[in-house]
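Asks: Whatever this is, show me its structure:
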Amino acid sequence: MIGIFCILQTIISTFKNIFIIKKQMLLSGLFCAAENIVYYIFVSKAIVERNTITFIVISIFYGIGTFLGLLINKKFTHINETLIITSKNVDDVLELKEKLKNMGIKFILTSSYSTKDEKNLSILAFVKTESQKKEIMNLKKIFVEII
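Replies: Numbering: from 1, shown residues only. Predicted coordinates for the structure are as follows:
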């Protein structure tokens, strides 16, 4: 039974962190209170026992809770990555620029030079979701570097 409360505490903590990131103060506070209630009423009593098997069980269930928390986090949060897309082919970059505009992705278009002093066009694309990132990465004609 204690394992379920360990998982529950970790999941509540995940939601608390999501709400903190999204700057939702009321929900952050409520989830913080709920997390502490679960810990102090259920989990802390088991830890006081000083039983090795109890510690092992608690550790395993916290691991399971962390795994579930990461799945929840992936579902409810966005990534914030900057992709640098560079190409000598101006048409490729301009085509990508239009796709980014249609997808609602913010970007900066610049001209640059390669190490061989060849003129390139570059786009810094600011992606927020994994699907946006994958769509850009699937463009085979263009070199993409993640920073």
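Asks: Can you check which helix is longest in the protein?
Replies: When the chain is parsed with DSSP state H, its longest helix is helix 52-76.
Asks: For that one, list every residue counted as buried.
Replies: Within helix 52-76, the residues scored as buried using 16 or more other C-beta atoms under 10 Å are 58, 61-62, 65-66, 69, 72. Glycine gets a C-beta too; all of them are placed from N, C-alpha and C.
Asks: same check, this time on stretch 31-42
Replies: Buried-residue list, stretch 31-42, by 16+ other C-beta under 10 Å: 31-32, 34-35, 38-39, 42.
Asks: ok, residues contacting that stretch?
Replies: 2, 5, 8-9, 12-13, 15-16, 19 (C-beta atoms under 8 Å, 6 or more residues apart in numbering).
Asks: That stretch: how far from the chain's middle?
Replies: 25 Å (C-alpha atoms, centre = their mean, to the nearest Å).
Asks: Would you mind writing the CA trace of that stretch as PDB?
Replies: As requested, C-alpha coordinates have been extracted for stretch 31-42 and formatted as PDB (Å, rounded to 0.1, in the frame of the first residue of the first chain):
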ATOM      1  CA  PHE A  31      -0.500  20.500  -5.600                       C
ATOM      2  CA  CYS A  32       2.400  21.400  -3.200                       C
ATOM      3  CA  ALA A  33       0.000  21.000  -0.200                       C
ATOM      4  CA  ALA A  34      -1.300  17.700  -1.600                       C
ATOM      5  CA  GLU A  35       2.200  16.400  -2.100                       C
ATOM      6  CA  ASN A  36       3.200  17.200   1.500                       C
ATOM      7  CA  ILE A  37       0.000  15.700   2.900                       C
ATOM      8  CA  VAL A  38       0.600  12.400   1.100                       C
ATOM      9  CA  TYR A  39       4.200  12.400   2.300                       C
ATOM     10  CA  TYR A  40       3.700  13.300   5.900                       C
ATOM     11  CA  ILE A  41       0.600  11.100   6.500                       C
ATOM     12  CA  PHE A  42       1.700   8.000   4.600                       C
END
